[in-house]
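> When you get a sec, could you give me coordinates for this:
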Amino acid sequence: MTQATGAPPDTTPPGRDTAHEAAREALATEDGPLPRHDTLTDLRDRLLRHITALLPPASVRVSRMWQGGCDWYGAALRLDAIRERLTTGPGQGLASAHQHVLQLARDVEWLLARTDRESPAAPVCCRCHLPGDLQPVYDPPGETRAAPTVVWCRSCREGAGYPDGPH
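Numbering: from 1, shown residues only. This next block holds a predicted model:
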């Protein structure tokens with residue numbers, strides 16, 4: 001889908017607030033009559049800009065998760081699906097374009113949840129995927145791993161019954 005008007009494309013760098021706004025606007029069309037084609041074209045273009053900007057920091061965040069865990073596997077599959085959607089079009093017809101835009105909006109929300117305002121590449125907890133008071137944990141205590149160190153935030157360590165301090 002291309003822009004329907006003769007206006008130049010918007011080259012403003014996308015921000016978190018505008019990404020949330022675009023995703024909310026698209027998801028608001030889920031119920032009710034199908035939006036007009038030009039509305040879907042505009043939403044798709046905006047969502048693609050946000051996905052393109054959010055994908056690299058989210059990929060870094062996912063790559064820092066404990067690789068081999070269920071959370072990492074699910075996140076890696078989602079990133080692959082998002083990358084695939086970037087290469088495919090909305091399909092034939094208004095209903096197909098609408099479903100494509102709705103999925104792009106869900107992708108934007110998912111990517112936003114996996115990026116950090118201050119530093120998208122900051123280390124994160126391998127359990128909750130948020131930055132915080134990170135310390136290495138091993139299961140069972142004392143085990144060493146060949147893979148990158150598994151770190152959990154204080155909240156996750158306390159919730160799992162790990163005493164404070166390195167293990």
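
> my read: L112 touches A22, true?
No. Using Cβ atoms under 8 Å, L112 is not in contact with A22, being 10.7 Å away. Any C-beta I mention is one placed from the backbone N, CA and C, and that applies to glycine too.

> what about the two, which has more around it?
A22 (24 against 16; other Cβ atoms under 10 Å).

> Just the CA trace of stretch 71-85, in PDB.
What follows is stretch 71-85, C-alpha atoms only, in PDB (Å, rounded to 0.1, in the frame of the first residue of the first chain):
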ATOM      1  CA  ASP A  71      10.200 -17.300  26.900                       C
ATOM      2  CA  TRP A  72      13.200 -16.800  24.600                       C
ATOM      3  CA  TYR A  73      11.800 -19.300  22.100                       C
ATOM      4  CA  GLY A  74       8.400 -17.700  22.000                       C
ATOM      5  CA  ALA A  75      10.000 -14.200  21.700                       C
ATOM      6  CA  ALA A  76      12.300 -15.400  18.900                       C
ATOM      7  CA  LEU A  77       9.400 -16.900  17.000                       C
ATOM      8  CA  ARG A  78       7.400 -13.700  17.400                       C
ATOM      9  CA  LEU A  79      10.300 -11.600  16.000                       C
ATOM     10  CA  ASP A  80      10.500 -13.900  13.000                       C
ATOM     11  CA  ALA A  81       6.800 -13.600  12.400                       C
ATOM     12  CA  ILE A  82       7.000  -9.800  12.600                       C
ATOM     13  CA  ARG A  83       9.900  -9.700  10.100                       C
ATOM     14  CA  GLU A  84       7.900 -11.900   7.800                       C
ATOM     15  CA  ARG A  85       4.900  -9.500   8.000                       C
END
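
> Return the set of buried residues in that stretch.
W72, A75, R78, L79, I82, R85 (16 or more other Cβ atoms under 10 Å).

> who touches that stretch?
51, 55, 58-59, 62, 65-66, 100, 103-104, 107, 110-111, 114, 126-127, 129 (Cβ atoms under 8 Å, 6 or more residues apart in numbering).

> from the residues you listed, which would you call buried?
The buried subset of the contacts of stretch 71-85 - by 16+ other Cβ under 10 Å - is 51, 55, 58-59, 62, 65-66, 100, 103-104, 107, 110-111, 114, 126-127, 129.
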